[in-house]
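Asks: Here is the input, now give the coordinates:
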Amino acid sequence: MLNKKPCEDAELGLRLGHVHRLWRMVVDHTVAPLGLTQPRWTLLVILRHLGEGATQKQLAEALGIELPSLTRTLGQLEQQGLVLRRIPAGDRRVREVVFTPEGRRLLEALDARASEARALLLDGVPDTEREVLHRALRRIERNACHWLPSR
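Replies: Model (predicted):
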C-alpha cells in the first residue's frame with residue numbers, strides 16, 4: 001500500500017487556507033445583519049483583545065495590515081458610532097482607539113452571533129478532536145513564528 005502522508009501533508013496548507021476562508025465566510029454571513037464587514041468586526045475583536053486605548057500602530061501590527069487600511073476601517077467604524085480615536089496627553093502624533101457605548105453593545109451582539117457561527121461550524125466535532133486540533137494549530141503557529149525572522 002502506498003504511503004499517502006507526503007501528499008496529505010502537501011495539501012495541508014491548502015486545506016487550512018480553504019477552511020479559514022469558509023470559516024470567515026460563515027462568520028461574515030452571520031454578523032452581516034449587524035452592519036459589520038470582515039475588516040470591521042476583526043478590528044473590533046482585536047481592539048478588545050489588545051485593550052481599549054490601543055494605538056493605531058498596535059492595531060495595524062496585530063491585524064497584519066498597513067496603517068492606511070486601518071485608518072480607512074477606523075473611519076468607517078467611527079461613522080457607525082462604534083469607536084473613537086483620541087489623542088493621549090503627551091504625544092499628539094499618537095491616536096488611541098476606544099469603544100463608544102454603542103460599540104460595546106454591538107460587541108456583545110457580535111459575540112452572540114460569532115458563537116452561533118462557531119457552533120454551526122464545529123457541529124459534530126467531538127471535544128477530543130477539537131483539543132487535538134488546537135494543539136496541532138498552536139504547534140504549527142509556534143514553528144512558523146520561530147522560523148520567521150521578524151517574529
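Asks: Please count neighbours and contacts with C-alpha atoms only from this point.
Replies: Noted.
Asks: where exactly do the helices run in the chain?
Replies: In the chain, the helices defined using DSSP state H lie at 5-31, 38-50, 56-63, 67-79, 101-121, 127-147.
Asks: Throw those helices into JSON lines and include distance to residue 93, thanks.
Replies: Conversion of the helices of the chain to JSON lines gives the following (distance: least, C-alpha to C-alpha, whole Å):
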{"stretch": "helix 5-31", "distance to residue 93": "34"}
{"stretch": "helix 38-50", "distance to residue 93": "19"}
{"stretch": "helix 56-63", "distance to residue 93": "11"}
{"stretch": "helix 67-79", "distance to residue 93": "14"}
{"stretch": "helix 101-121", "distance to residue 93": "24"}
{"stretch": "helix 127-147", "distance to residue 93": "30"}
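Asks: between these, which one is nearest to residue 88?
Replies: Set against residue 88 and scored by C-alpha to C-alpha, the helices of the chain come closest in helix 56-63, at 12.1 Å.
Asks: Pull the contacting residues for residue 43.
Replies: Residues in contact with residue 43 (C-alpha atoms under 8 Å, 6 or more residues apart in numbering) are 59, 63.
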